[in-house]
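Engineer: Turn this into a structure:
(chains A and B)
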Amino acid sequence: MSDKDPARLKPNRPRLSLHVPEPKFRPGDTPDFSSLSIPAAGSAPRPDTNIPAADTHPLTTALVRVLGDDHRAVGAWDPKLDPDTLRKMLRDMVTVRIFDDRMYRSQRQGKTSFYMKCTGEEAIAVAAAAALDRDDMHFPTYRQQGLLIARGYALTEMMNQIYSNRGDKLKGRQLPIMYSDRTHGFFSISGNLATQFPQAVGWAMGAAIKGDSRICMGWVGDGATAEGDFHSAMTFAAVYNAPVILAVVNNQWAISSFSGIAGAERATFAQRAVGYGIAGLRVDGNDALAVYAAVDWAAERARGNLGPTLIEFFTYRAEGHSTSDDPSGYRPTNEAKAWPLGDPVERLKAHLLATGEWDQERHAAMNAEADAAVRAAQKESEKLGILPEQGKDDIGSMFDDVYAQVPWHLAEQRDEALGEGGG
Amino acid sequence: MPNLNMIQALNDAHKIMMARDDDVVVFGEDIGYFGGVFRVTEGLQKQFGKTRVFDAPISEGGIVSTAVGMACYGLKPVIEIQFADYIYPGYDQIVSEVAKIRYRTAGEWTMPMVIRTPYGGGIFGGQTHSQSPESLFTHIAGLKVVIPSTPYDAKGLLIAAIEDPDPVIFFEPKRIYNGPFDGHHDRPVKPWSKHPASEVPEGHYTVPIGKAAVVREGGDLTILAYGTMVHVALAAVEEQGLDAELIDLRTLVPLDLDTIEASVRKTGRCLVVHEAPRTSGFGAELVALVQERCFYHLEAPVERVTGWDTPYPHSYEWAYFPGPKRMKTALEKVMAD
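Structural biologist: Below is the predicted model:
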């Protein structure tokens, strides 16, 4: 008699049932986010960075917002940034969006195999980069290309990697968008989810062991918070009081799985901070000023040896997961447009316009400049080759960097691979 | 020269390297204040302080991943996984990150770390305290796999592993931590102090990674072994009065194929022994290499003595562990005309 034999069921007991979370809207439905509780801009209190972690916990169900519907900055979280900083952030976000657009098209044109956009999330990486010091370290996911662009990493370098061409410093070994650059404090992106989250904690622990003053920021998506590595990161960060900022970018979707599949029906992602006893914040990720303010708060806390902060950036993945994904298969096609917290680029632009620090002509000019810069970089990069031409020259390089020195068995295999006529 | 057991030799290696290099940090479960369940890290926290030697949460994934982060920062983590049987939660980080970071960053970040872990049976440890999972690591490009069989080698290899720019998985045969084991479980335990390879020089020295040791020269056959089985094989050879050439591999990856080839070409017969289960055990790789390179020198098929393809049973310890009886049968088979 097996455990699931119906004869074992007791007829006077209620039948158990399994709940399977479903998103509110599927293809064909009309998206309606009115059930989302969006607090007013400026309503969240801003505690001092040195308060006990538990005192931040009400903020894990709130939403830190600085930019109101009137596009003005309001409340205690207003970082009071100078206009030049804001204009640079806007320019970086615009560049990210243009870069994404061109590279996505590049994949569709067959110039490379794969690309991932971060449309709708541009403010998060760009404002975080602005808030931290240039030499603070990041352990990103694949949607923080804004960190590199904000830190001035050459667009040609990024494109070389996307094309796996002969300018690619990673020697064609990585899938497109899996950048890596030590001098820009951007750790190598891995294909496995969440692996970087506890690595960020380890880097921060290293800095603490050595009495450094640089801090570290780890990144993860809503879906990947379900991975064991998320929990290891939280445990180690809490246990050792690591000087780390732990960012959860909740863009509502993990490929076709809405955030409920990772537990969002029961708690916010920021609320995980409560259980681990660390500070937690929940922030409107489409509000560049709020993102800056939250990261700045967490950085000050970490630098003061007051420990880690979990920040949930609440946002929306406006496009598909990648060039291999078509979201019309699992959500309404106009869902992104219905997102109640708007477009991060438009909102920062509107803020600068509202405060008289920008105008449409300058925006158009800046847009054109950014577009020209991206196109120029693409032209430069494509001189060094595009993917379909790759993988034939320097086959021997496949065997380098597996170890510090090439061991005999790889030297032998290399000879064999080269002897096969190189393919 | 002092006689040390394997635990003391490993402890000594830690002390020497931690004194030499401020970047070496040591952590794992129970290894800090208490000095580790096998006492390998005893005294280190007191000597070097608790920011360099500390206890970790019970999270092998967290232990390996934070070590990765520390190595990215510029430290040299020497981490302990309490039993090799517990390594699996950390396996993703080892395979996907530790093994691949140098390659996927074209050398911009490297992983000069050591992951030490007690392995192997002969201790009534059952399924979760007796495993030999080394072939799960030899199969992963980017890792080095090292297994000492004596205190002298343990200290020298651990120092070499800590100095090595590549990640090393360092398997410690726990059955022989305190004394060599010849497979005769019904005889009194011998301590290391009576064994010549327990003479461990003070101070810094290395045993090269990637070099096997010829434990016994001979002409009848070649035996390839590592860890506890080196001692079991030696005893079996002496009991049968065979003039065997016994090779202690010491490093599985990168393998010292030259020493193996030279020996098999000389003897014409080969026996491979390991505790790990038979299917896809490291012995399969050794047998493939020997037959590829030495086929025309062989007088007989290459034999393997291995653990069975079962989970490691508790009360059947001595039926599972490849002991003197199975060694004898295998030796007779490989020597048959």
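Engineer: Quick one: residues contacting the residue in the stretch 1-150 of chain A that chain B sits nearest to.
Structural biologist: In the stretch 1-150 of chain A, no residue comes nearer to chain B than A:Phe139, which is 7.4 Å away by CB to the nearest CB. Just so you know, the C-beta spots here come from the backbone N, C-alpha and C atoms, and that holds for glycine as well. By CB atoms under 8 Å, 6 or more residues apart in numbering or on different chains, the contact list for A:Phe139 reads A:187, A:196-197, A:199-200, A:203, A:216-219, B:69.
Engineer: how many neighbours does A:Gly391 have?
Structural biologist: Counted with other CB atoms under 10 Å in any protein chain shown, residues neighbouring A:Gly391 total 12.
Engineer: Also A:Phe25?
Structural biologist: A:Phe25 has 17 nearby residues by other CB under 10 Å.
Engineer: low pLDDT regions in the stretch 101-250 of chain B?
Structural biologist: Scanning the stretch 101-250 of chain B with the threshold set as pLDDT under 70 gives no residue ranges.
Engineer: Around chain A, pick out the residues from it.
Structural biologist: Within the stretch 101-250 of chain B, the residues that sit near chain A (CB under 8 Å from any CB of the partner chain) are B:101-110, B:141-142, B:144, B:165-166, B:210.
Engineer: Which stretches in the stretch 51-200 of chain A count as strands?
Structural biologist: Along the stretch 51-200 of chain A, counting by DSSP state E, counting those that start in this stretch, strands occupy A:137-139.
Engineer: Which residues of it lie near chain B?
Structural biologist: Listed as neighbours of chain B in the stretch 51-200 of chain A under the rule CB under 8 Å from any CB: A:137, A:139, A:169-171, A:173-174, A:178, A:180-182, A:187-188, A:190-192, A:195, A:198-200.
Engineer: coming back round to it: any chance of the contacts of A:Phe139 in TSV, plus pLDDT?
Structural biologist: Formatted as TSV, these follow (pLDDT from 0 to 100):
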residue	pLDDT
A:Phe187	98
A:Gln196	98
A:Phe197	98
A:Gln199	98
A:Ala200	99
A:Trp203	98
A:Cys216	98
A:Met217	99
A:Gly218	98
A:Trp219	98
B:Gly69	98
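Engineer: Longest helix in chain A, please.
Structural biologist: If you go by DSSP state H, chain A has its longest helix at helix A:83-108.
Engineer: and that helix, what does it pack onto?
Structural biologist: Counting contacts by 3 or more CB pairs under 8 Å, 6 or more residues apart in numbering or on different chains; DSSP states H and E, helix A:83-108 is packed against helix A:122-131, helix A:145-150, helix A:155-163, helix A:288-303, helix A:344-354, helix A:360-383.
Engineer: Can you say which of the ones you listed is packed in most?
Structural biologist: Stretch with highest mean neighbour count among the helices and strands packed on helix A:83-108: helix A:122-131 (a mean of 30; mean count of other CB atoms under 10 Å in any protein chain shown).
Engineer: Run through the bridge partners of B:Val214.
Structural biologist: Per DSSP bridges, the residues bridged to B:Val214 are B:Ile247.
Engineer: burial count for it?
Structural biologist: 14.
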